[in-house]
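K.L.:
just to be clear, the model below is a prediction. Sequence and coordinates:
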Amino acid sequence: MIPMTLAEIAQAVGGRLDAVTDDQVTVTAPTAFDSRQVVAGGLFAALSGNRVDGHDFATAAIEKGAVAVLATRPTGTPAIIVDHVVTAMSDLAHSVATRYTGQVLAITGSAGKTSAKDLLTQILARHGSVVATERSFNNEIGFPHTVLRVQADTDFLVLEMGARGRGHISHLASIARPQIGAVLGIGSAHIGEFGSREAIAVAKRELVEALDSSGIAVLNADDPLVAGMAEHTRAQILRFGTVADADVRATDITINANACAQFTLRHRDDAAAITLGVVGEHHLTNALAAAALALSAGVEFATVAAGLEGAALVSGSRMEVTERPDGVTVINDAFNASPESVEAALRSLATIAADLRPTVAVLGEMRELGDTAPALHATIGRQVADLGIGTLITVGGHHAELMATAARDAGSAKVIHVESKDHVLGLLTEGLRGRDVVLIKGANSAGLFETAAALATGH
């Protein structure tokens, strides 16, 4: 964290000091909301949840080196007492962001935020120092947590922005105002909460609305709902995509036998042949967005191209491909699931198997789809059949059953439905042969990433 004294922090968050003997003690390390992750010189945010109250761990946090605790009541330790800890984290992050002089880049969209962030971070790291959102910490807690990790000499602060309603992204942007903001695409994720893709677009465009005239809005030219956001920002526009008039574009696109995109990256008079190391044709969009963001931040084209070539997805459970010693290939894409990402993952499964290897798709229910859920699950079931996936195992309740029924009706030969992920590993262990390719994907709440991890290790 950019150093601040306890007195300065108390003023920034509108709090009062309790059991503090020296208000000039400086906080230099990030704020942690898990006492096990406290770093010496940082703060501990005592969040109160349904199961655990962080106030109970205040002493442990101080013993690990925390300077003080953000709390709503005295804890018997040095503390800054506030009305709401989450609000205080946001207020403190805003104060830190106003002191930060590096570049702030933000990413939003219905899907791909974390993957694009991973790619961008690795490109930027070739040019300077980077602090970026960890995993998918892109909400009202994770966002300020990321900002509070920035140092005075950090060159780039890369922030994911998630939204579950109108005003969410505006709030995040008010904490740390981005100079460069990218919108990846508008899909069906969370459509049950928003009501329509158009409503999702209105919420996502809050990012480009937050940019001032000196900023750069990086927009997906292949998505009409995103491209139309150019009319809602004062910022300069940089468009990425596959259309001919995109500023950063991909041409000569192919998908290789590993289901990785190969293409020519073009920007102005520069061009470079790229082979992505990340699996899935849908990552072409994420790669182009990362390239456009990096170019907007002043990174040279050659550095961007080299960064894309060498980049990997590091956040876990996103098209992670593991080749087991027995010849089984496991594709772990179980972090989350939207209709678009499931379809893309199934196409990658079919590409990797290339009609030469047996295929298994383990698909959990997709969540937060509202009234569209039955039709969208049925569409996925039919796609499984159309792609010739050998075995489908659906996991969950009514919507998972609809997916299974649609696959059977469309001609899938082997379809199994189970209500719980607890049954999946046993089914796979019994049925797998040495050359099988297995895709595991579902909503994060389904917990199939645990099944995928166990299958990948063979345990």
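P.N.:
Cool, got the structure.
K.L.:
please count neighbours and contacts with C-alpha atoms only from this point.
P.N.:
OK.
K.L.:
show me what contacts Ala132?
P.N.:
When contacts are counted by Cα atoms under 8 Å, 6 or more residues apart in numbering, Ala132 is found next to Lys117, Thr121, Thr146, Leu157, Val158, Leu159.
K.L.:
what's Asn138 in contact with, if anything?
P.N.:
Contact partners of Asn138, counting by Cα under 8 Å, 6+ apart, are Leu159, Glu160, Met161, Gly162.
K.L.:
closest to Thr303 among the residues you listed?
P.N.:
Taking Cα to Cα as the measure, Thr303 sits nearest to Leu159 out of those, at 21.1 Å.
K.L.:
quick one: secondary structure of the closest one?
P.N.:
Three-state call for Leu159 (DSSP: H, G, I helix; E, B strand; the rest coil): strand.
K.L.:
residue contacts, the nearest residue to it once chain neighbours are set aside?
P.N.:
With sequence-adjacent residues excluded and distances taken as Cα to Cα, 6 or more residues apart in numbering, Leu159 is closest to Ala106, at 4.7 Å. Ala106 sits next to Val158, Leu159, Glu160, Met161, Pro178, Ile180, Gly181, Ala182, Leu207 when contact means Cα under 8 Å, 6+ apart.
K.L.:
for those residues, give me JSON lines that also has pLDDT and neighbour count.
P.N.:
Shown next, in JSON lines, are the contacts of Ala106 (pLDDT from 0 to 100; neighbours: other Cα atoms under 10 Å):
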{"residue": "Val158", "pLDDT": "98", "neighbour count": "27"}
{"residue": "Leu159", "pLDDT": "97", "neighbour count": "31"}
{"residue": "Glu160", "pLDDT": "95", "neighbour count": "28"}
{"residue": "Met161", "pLDDT": "95", "neighbour count": "29"}
{"residue": "Pro178", "pLDDT": "98", "neighbour count": "25"}
{"residue": "Ile180", "pLDDT": "98", "neighbour count": "28"}
{"residue": "Gly181", "pLDDT": "98", "neighbour count": "31"}
{"residue": "Ala182", "pLDDT": "98", "neighbour count": "30"}
{"residue": "Leu207", "pLDDT": "98", "neighbour count": "30"}
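K.L.:
quote the end-to-end distance of stretch 44-56.
P.N.:
With Cα to Cα, to the nearest Å applied, stretch 44-56 spans 12 Å between its terminal residues.
K.L.:
what about that stretch, average pLDDT?
P.N.:
Mean pLDDT, computed over stretch 44-56, is 93.
K.L.:
mind listing what's buried along that stretch?
P.N.:
Within stretch 44-56, the residues that count as buried by 16 or more other Cα atoms under 10 Å are Phe44, Ala45, Ala46, Leu47, Ser48, Gly54, His55.
K.L.:
regarding the last one, what are the backbone dihedral angles?
P.N.:
Meaning His55. Backbone dihedrals for His55, given as degrees, to the nearest 10, come out at phi -60, psi -30.
K.L.:
can you pull the contacts of the closest residue to it other than its chain neighbours?
P.N.:
The shortest distance from His55 to any non-neighbouring residue, by Cα to Cα, 6+ apart, is to Ala46 (5.0 Å). Contacts for Ala46 (Cα under 8 Å, 6+ apart) come out as Phe33, Asp53, Gly54, His55, Phe57, Ala58, Val69, Leu70, Ala71, Thr72, Val85.
K.L.:
one more time with 6 Å, if that's ok
P.N.:
Counting by Cα atoms under 6 Å, 6 or more residues apart in numbering, Ala46 touches Gly54, His55, Leu70, Ala71.
K.L.:
please verify my assumption that Gly390 contacts Thr359.
P.N.:
Yes. Checked against Cα atoms under 6 Å, the pair Gly390 and Thr359 is within contact range at 5.1 Å.
K.L.:
do you know how far the residue nearest to His55 is from Asn139?
P.N.:
In terms of Cα to Cα, Ala46 sits 17 Å off from Asn139.
K.L.:
ok, residues contacting the helix or strand containing Leu172?
P.N.:
Secondary structure assignment for Leu172, by DSSP states H and E: helix 168-175. With Cα under 6 Å, 6+ apart as the test, helix 168-175 has contacts from His94, Glu206.
K.L.:
distance between stretch 415-425 and the chain's centre?
P.N.:
Relative to the mean C-alpha coordinate of its chain, stretch 415-425 is positioned 27 Å out (Cα atoms, centre = their mean, to the nearest Å).
K.L.:
ignore what I typed, I meant stretch 222-236.
P.N.:
So, by Cα atoms, centre = their mean, the centroid of stretch 222-236 is 22 Å from its chain's centroid.
K.L.:
buried residues in the helix holding Leu172?
P.N.:
In helix 168-175, counting by 16+ other Cα under 10 Å, buried: His168, Ile169, Ser170, His171, Leu172, Ala173, Ile175.
K.L.:
that older thread, which of Gly390 and Thr359 has more neighbours?
P.N.:
Legend: neighbour count by other Cα atoms under 10 Å for Gly390 and Thr359, higher for Thr359 (24 against 20).
K.L.:
one step back: list just the nearest of the buried residues of helix 168-175 to Gly14.
P.N.:
The shortest approach to Gly14 among those belongs to Ile175, at 15.5 Å (Cα to Cα).
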